[in-house]
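K.L.:
Pasting the sequence and the predicted model now:
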Amino acid sequence: MSKNYSLHLSAFRNGSLFLAVGILIFSLVTLAGSGCTSQPPQITVEGQYANLSPMFFGVGSLFMKIKNAGGRDTLLAASVNIPAATVELHDIKDGKMVKVDRMKVPSRDTLELKPRSLHIMVFNMPKTVQDGSDMLLTLTFERSGQLQVPVRFEKPKEIPMHGGN
Ligand SMILES: [Cu+2]
């Protein structure tokens with residue numbers, strides 16, 4: 001009786017060990033597999049500049065080209081190193097600016113943020129921010145994490161219809 005019991009226990013132990021080894025192998029294969037299936041996104045930003053709003057005090061628009069040499073990604077948020085400033089992602093729909101939650105950055109493609117299209121908007125900036133001022137923009141991507149980009153406020157290239165003064 002006691003011999004049978006010990007045999008049974010021994011079989012149970014072997015079974016557990018086998019299961020444990022099986023789980024370990026499965027985990028290793030899963031880890032290795034996830035590393036190979038999608039290549040990491042490779043985000044770079046170029047041609048970035050900012051314009052102060054000619055109509056609204058303390059408001060600016062940011063434009064740039066977001067190049068993605070890797071897999072698809074999404075811009076989730078933006079922030080700037082200007083105290084108290086708030087940043088929003090904007091699009092233009094039916095001629096009006098609308099706030100958006102995210103911007104898709106297609107795989108092996110360029111997302112262009114430009115006037116009258118997708119852009120980043122900064123509000124509540126102090127008087128010290130003028131043409132020529134620099135800031136550091138932090139972009140947060142879903143897959144690539146955070147990317148920091150220096151951006152300078154430049155005089156608008158196009159004269160607005162209503163005039164700046
Ligand atoms: Cu806007």
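P.N.:
Perfect, I can see it now. On a predicted model such as this, the values are computed, not experimentally measured, just so you know. Residues are numbered from 1 along each chain as shown.
K.L.:
Get me the contact residues on this structure for the ion.
P.N.:
Within the chain, the positions adjacent to the ion are 90, 97, 121 by CB under 5 Å from the ion. (Each C-beta comes from the backbone N, C-alpha and C, glycine too.)
K.L.:
Tabulate the residues you listed (TSV), appending secondary structure, neighbour count and distance to T44.
P.N.:
Shown next, in TSV, are the residues of the chain next to the ion (DSSP: H, G, I helix; E, B strand; the rest coil; neighbours: other CB atoms under 10 Å; distance: CB to CB, whole Å):
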residue	secondary structure	neighbour count	distance to T44
H90	strand	19	22
M97	strand	14	27
M121	strand	17	22
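K.L.:
Output those residues in TSV; the columns should cover pLDDT.
P.N.:
Formatted as TSV, the residues of the chain next to the ion follow (pLDDT from 0 to 100):
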residue	pLDDT
H90	98
M97	95
M121	98
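K.L.:
pLDDT score for the residue nearest the centre of the chain?
P.N.:
The centroid of the chain falls nearest to F141 when counting by CA atoms, centre = their mean (1.6 Å). pLDDT recorded at F141 is 97.
K.L.:
Show me what counts as buried in stretch 134-151.
P.N.:
135, 137, 139, 141, 143-144, 149, 151 (16 or more other CB atoms under 10 Å).
K.L.:
which two of these lie the greatest distance from each other?
P.N.:
Greatest spacing in the buried residues of stretch 134-151, by CB to CB: M135 and R143 (24.9 Å).
K.L.:
Strand partners (parallel or antiparallel) of the host helix or strand of L111?
P.N.:
Here L111, judged by DSSP states H and E, is contained in strand 109-113. Strand 109-113 has the following sheet partners, assigned by DSSP bridges: strand 60-68 (antiparallel).
K.L.:
what comes up buried for the strand it pairs with?
P.N.:
60-64, 66-68.
K.L.:
closest to the ion among those residues?
P.N.:
Within the buried residues of strand 60-68, distances to the ion taken as CB to the ion reach their minimum at S61, with 5.9 Å.
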